[in-house]
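# dropping the sequence and predicted coords here.
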Amino acid sequence: MINTLLETSLPLSVLLAALLLIQRTLVSQLGAVNLYALWLAVPVFLLVKLAAAVASHSGFQGTIDYFTVSLPAITVPEQLNGWLQSSFWLTSIWVTGMVVCITALGVSYMLSRVTFYRATPVSIRGFSGCRQAHDQSGPWITGFRSPKVLLPNDFFTRFDPTQQQLILQHELTHWRRGDLHLNYLALGLVSIFWFNPLVWLAYRYYRQAQELACDAVVTRNAGKSERIAYGYALLSNTQQSPQFWWPLTHHYGDFNTMKQRIIQLQRQHGFSKTILLSTMALVVAGTLLLQQPLLADGAKSAAPKPVMRIEPRYPIQAAQQSIDGYVQLKFDIDAHGKVSNVRVVKSSPEQVFDKEAIRALEQWTYSATGVTHKDQLVQLEFALDLEQYDLERVKVTPSVGKGSH
């Protein structure tokens with residue numbers, strides 16, 4: 001898992017860096033709505049890469065090299081042991097960081113709900129989900145199933161009726177566009193790639209693009225006087241520092257982008273499906289192109305290689321009675337190369353060699369590939385002469401007369 005994350009993090013960083021570098025140019029040339037839509041390239045890239053990775057592995061799942069294996073035990077190289085240990089610690093650190101992020105987001109969500117429900121309900125015509133805080137918290141919107149807007153305590157005195165309507169329209173536009181739920185997705189990706197500082201920076205600029213796009217939608221059909229009122233509302237909000245900021249809420253004011261937001265009120269650009277579709281097509285094509293080496297070499301690299309095999313013991317009674325046979329087994333190999341879920345597919349004679357075959361296979365070790373390989377096949381033949389089958393064969397020779405089994 002950690003290998004997959006690290007492999008994905010590099011091209012993801014390149015994509016995020018490109019979006020960050022051209023953001024200021026794009027917002028002036030294409031407009032805020034188109035800029036915000038282009039951030040869709042990030043989940044599209046991750047989905048395409050995930051689908052390509054699954055396809056590359058599923059094509060070789062359950063296969064294994066067909067060759068006769070000699071059974072002397074192979075010791076695990078010291079370097080491999082060190083790598084396995086480091087991989088375990090890296091995975092542990094990553095999981096710990098992700099749990100911390102998710103926990104912090106959960107606490108933030110609960111605190112925002114507590115703040116909202118402690119506020120005083122207010123009656124707004126056409127909308128029942130408003131409350132007024134006892135301090136200058138807000139305005140912001142939160143919610144999962146239904147929108148909830150928190151207004152500051154001086155909302156009805158600081159803003160005139162036109163500004164009040166524009167502010168509520170701004171918050172509800174976030175809800176109608178699905179911005180809150182997209183933020184849940186974005187924060188989920190931040191939690192997964194928490195170790196990449198560029199992801200945190202990109203989330204900040206993504207939220208800024210989101211606010212600019214919302215401003216553009218709200219003022220698209222507004223007159224000059226309404227835009228001026230909207231601008232004054234933005235300026236008024238810069239003078240009121242919010243008490244708290246919850247990651248899962250939408251705030252009306254953002255000090256770092258307020259100037260740019262006011263400037264953008266004078267510019268209007270229509271939404272272009274051509275720009276969006278062209279960009280997404282470019283991202284998909286680029287991702288698949290980068291994935292080609294994995295798809296081409298998957299047959300060589302996807303299958304785990306045997307590192308250590310424990311020789312099955314030839315049952316004494318079967319050896320004394322000159323009974324030979326075979327056991328076909330299915331098993332899984334985890335990301336670290338450990339064998340699990342061993343089960344018998346077919347054996348001949350039945351129940352004669354099954355127990356020893358399972359006991360030995362459960363102790364085998366394969367090279368760590370970072371992914372789980374399910375339904376691998378192996379045939380252990382308890383015989384001296386081998387015929388050719390479409391399965392890996394492991395020859396088990398009897399040790400008659402030793403009496404140690």
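Cool, got the structure.
# any chance you could map the strands in the stretch 101-250 of the chain?
120-121, 130-132, 140-142, 148-151, 250-251 (DSSP state E, counting those that start in this stretch).
# now the stretch 301-405 of the chain
Going by DSSP E, counting those that start in this stretch, the stretch 301-405 of the chain shows strands at 306-308, 325-333, 339-348, 365-366, 373-382, 393-395.
# of those strands, which is nearest residue 357?
Closest of the strands of the stretch 301-405 of the chain to residue 357 is strand 325-333, at 4.0 Å (criterion: Cβ to Cβ). The C-beta positions use only the backbone N, C-alpha and C, and glycine is treated the same way.
# adjacent strands (with direction) for that closest one?
strand 339-348 (antiparallel), strand 373-382 (antiparallel) (DSSP bridges).
# please enumerate residues in contact with it?
With contacts defined as Cβ atoms under 8 Å, 6 or more residues apart in numbering, strand 325-333 is touched by 304, 318, 339-349, 352-354, 357-358, 361, 366, 369, 372-383, 391.
# what is the mean pLDDT for stretch 356-375?
For stretch 356-375, the mean pLDDT works out to 86.
# looking at the strands paired with strand 325-333, which is closest to residue 164?
Smallest distance to residue 164 across the strands paired with strand 325-333 (Cβ to Cβ): 58.7 Å, for strand 373-382.
# buried ones in stretch 190-203?
Neighbour-count burial for stretch 190-203 flags 190, 191, 192, 193, 194, 196, 198, 199, 202, 203 (criterion: 16 or more other Cβ atoms under 10 Å).
# no, scratch that, I was asking about stretch 164-183
Neighbour-count burial for stretch 164-183 flags 164-175, 177, 179-180, 182-183 (criterion: 16+ other Cβ under 10 Å).
# residues near residue 43, how many?
A total of 13 residues lie near residue 43 under the criterion other Cβ atoms under 10 Å.
# skipping adjacent residues, who's closest to it in space?
residue 185 (6.7 Å; Cβ to Cβ, 6 or more residues apart in numbering).
# again with residue 336
residue 368 is the one closest to residue 336 (Cβ to Cβ, 6+ apart), at 4.9 Å.
# right, and that neighbour touches residue 88 too?
No - between residue 368 and residue 88 there is no contact under Cβ atoms under 8 Å: 9.9 Å.
# ok, these two, which is more surrounded?
residue 368 (20 against 13).
# now the more buried one: how far from residue 378?
From residue 368 across to residue 378, the span is 19 Å (Cβ to Cβ, to the nearest Å).
# try residue 372
From residue 372 to residue 378 the distance is 17 Å (Cβ to Cβ).
# so the two - more neighbours on which side?
Remark: of residue 372 and residue 378, residue 378 carries more neighbours, 23 against 14, as counted by other Cβ under 10 Å.
# name the nearest residue to residue 192, ignoring sequence neighbours.
residue 98 (6.3 Å).
# and the strand or helix carrying that neighbour, what does it pack against?
Here residue 98 sits within helix 78-118, counting by DSSP states H and E. Contact here means 3 or more Cβ pairs under 8 Å, 6 or more residues apart in numbering; DSSP states H and E; on that basis helix 78-118 packs against helix 2-29, strand 140-142, strand 148-151, helix 179-192.
# what mean pLDDT would you report for that helix?
79.
# before we move on, what about stretch 326-333?
Here the average pLDDT along stretch 326-333 is 89.
# export that stretch as CSV, just CAs?
These are the backbone C-alpha positions of stretch 326-333, laid out as CSV (Å, rounded to 0.1, in the frame of the first residue of the first chain):
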residue,chain,number,x,y,z
TYR,A,326,-0.6,-34.7,-5.8
VAL,A,327,-2.4,-31.9,-4.1
GLN,A,328,-3.7,-28.8,-5.9
LEU,A,329,-3.9,-25.8,-3.6
LYS,A,330,-5.2,-22.2,-3.8
PHE,A,331,-3.8,-19.5,-1.5
ASP,A,332,-3.4,-15.8,-1.1
ILE,A,333,-0.2,-13.8,-0.8
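# how far off centre is it?
Relative to its chain's centre, stretch 326-333 lies at 32 Å (Cα atoms, centre = their mean, to the nearest Å).
# kindly report the same for stretch 129-144.
Relative to the chain's own centre, stretch 129-144 is displaced by 31 Å; criterion: Cα atoms, centre = their mean.
# just the CA atoms of that stretch, as PDB, please.
Coordinates of each C-alpha in stretch 129-144 appear next as PDB, following Å, rounded to 0.1, in the frame of the first residue of the first chain:
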ATOM      1  CA  GLY A 129     -31.900  26.500   8.400                       C
ATOM      2  CA  CYS A 130     -30.500  29.800   9.800                       C
ATOM      3  CA  ARG A 131     -29.200  30.500  13.300                       C
ATOM      4  CA  GLN A 132     -27.500  33.600  14.700                       C
ATOM      5  CA  ALA A 133     -24.400  33.200  16.800                       C
ATOM      6  CA  HIS A 134     -23.800  34.900  20.100                       C
ATOM      7  CA  ASP A 135     -20.500  36.200  18.800                       C
ATOM      8  CA  GLN A 136     -19.100  37.200  15.400                       C
ATOM      9  CA  SER A 137     -18.800  33.600  14.200                       C
ATOM     10  CA  GLY A 138     -19.900  33.300  10.600                       C
ATOM     11  CA  PRO A 139     -21.400  33.700   8.200                       C
ATOM     12  CA  TRP A 140     -20.700  30.100   7.100                       C
ATOM     13  CA  ILE A 141     -22.700  27.100   5.900                       C
ATOM     14  CA  THR A 142     -22.300  23.500   6.900                       C
ATOM     15  CA  GLY A 143     -24.300  20.300   6.800                       C
ATOM     16  CA  PHE A 144     -24.400  16.900   5.100                       C
END
